[in-house]
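Novice: build the 3D model from these lines:
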Amino acid sequence: MEMNWLAHFLSALIPLFVGAVWYHPKVFGTAWMKSSGVTEAQINQSNMLRIFGLTYLLGLFASLTLGFLVVHQSHVYSIVMNEPGFGEEGSSLMVYIEDFMQQYGSNFRTFKHGAFHGLLTGITFALPLVGILGLFERRSWKYIGIHAGYWTLTLTLMGALLSGW
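Specialist: Next comes the predicted model:
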């Protein structure tokens, strides 16, 4: 099973697009600015090219990790990669893997399944990370909720794209 690099490169754009809507002043942008203490002057002084470029790069890192969470077939390779015959065309191990992938390679490869795992990742991983940081930074629950909601939606959409494609 080859990694779908195009899906990863496209899913890395999702944090940018969701963020453009989520943090818009008419959605959660005003509430986020108020709860984080960020002013419009600070935003206007930002190097947006650097912010968007690094956001894309970090989104790509997130996409690569999320891919392993939503595409279960990738684990087959990690389980047997140190076994004799791995990667050798025609070896009994590679024949077994090819047969396995032929039979089960498309199981759970849907947008719905990827969205489900993205949602779970948002709730069980992103929310705790954002929550812990927010608690130690003495941020409000509104601040934590805004960021956790953003990441949960973002990971849900990324998971759907990665699994369904």
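
Novice: buried residues in the helix or strand containing residue 94?
Specialist: Assigned by DSSP states H and E, residue 94 belongs to helix 92-104. Neighbour-count burial for helix 92-104 flags residue 97 (criterion: 16 or more other Cβ atoms under 10 Å). No exception for glycine: its C-beta is placed from N, CA and C like everyone else's.

Novice: outside of it itself, list whatever touches it.
Specialist: Residues from elsewhere that reach helix 92-104 (Cβ atoms under 8 Å, 6 or more residues apart in numbering): 1, 73, 76-77, 80, 83-88.

Novice: any chance of the residues you listed in TSV, plus neighbour count, secondary structure and distance to residue 41?
Specialist: Rendered in TSV, the data for these read as follows (neighbours: other Cβ atoms under 10 Å; DSSP: H, G, I helix; E, B strand; the rest coil; distance: Cβ to Cβ, whole Å):
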residue	neighbour count	secondary structure	distance to residue 41
1	12	coil	50
73	16	coil	49
76	16	helix	53
77	13	helix	50
80	16	helix	56
83	12	coil	59
84	9	coil	63
85	15	coil	62
86	13	coil	57
87	11	coil	56
88	10	coil	61
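
Novice: among these, which one sits closest to residue 22?
Specialist: Proximity to residue 22 was ranked across the contacts of helix 92-104 by Cβ to Cβ; first place goes to residue 73, at 31.5 Å.

Novice: any idea how far residue 134 lies from residue 146?
Specialist: When Cβ to Cβ, to the nearest Å is applied, the distance between residue 134 and residue 146 equals 10 Å.

Novice: next one: residue 114
Specialist: Taking Cβ to Cβ, one finds residue 114 at 24 Å from residue 146.

Novice: what about the two, which has more around it?
Specialist: For the pair residue 114 and residue 146, the greater number of neighbours falls to residue 114 (28 against 22), based on other Cβ atoms under 10 Å.

Novice: what's near enough to touch the more buried one?
Specialist: For residue 114, the contact set (Cβ under 8 Å, 6+ apart) comprises 70-71, 159-164.
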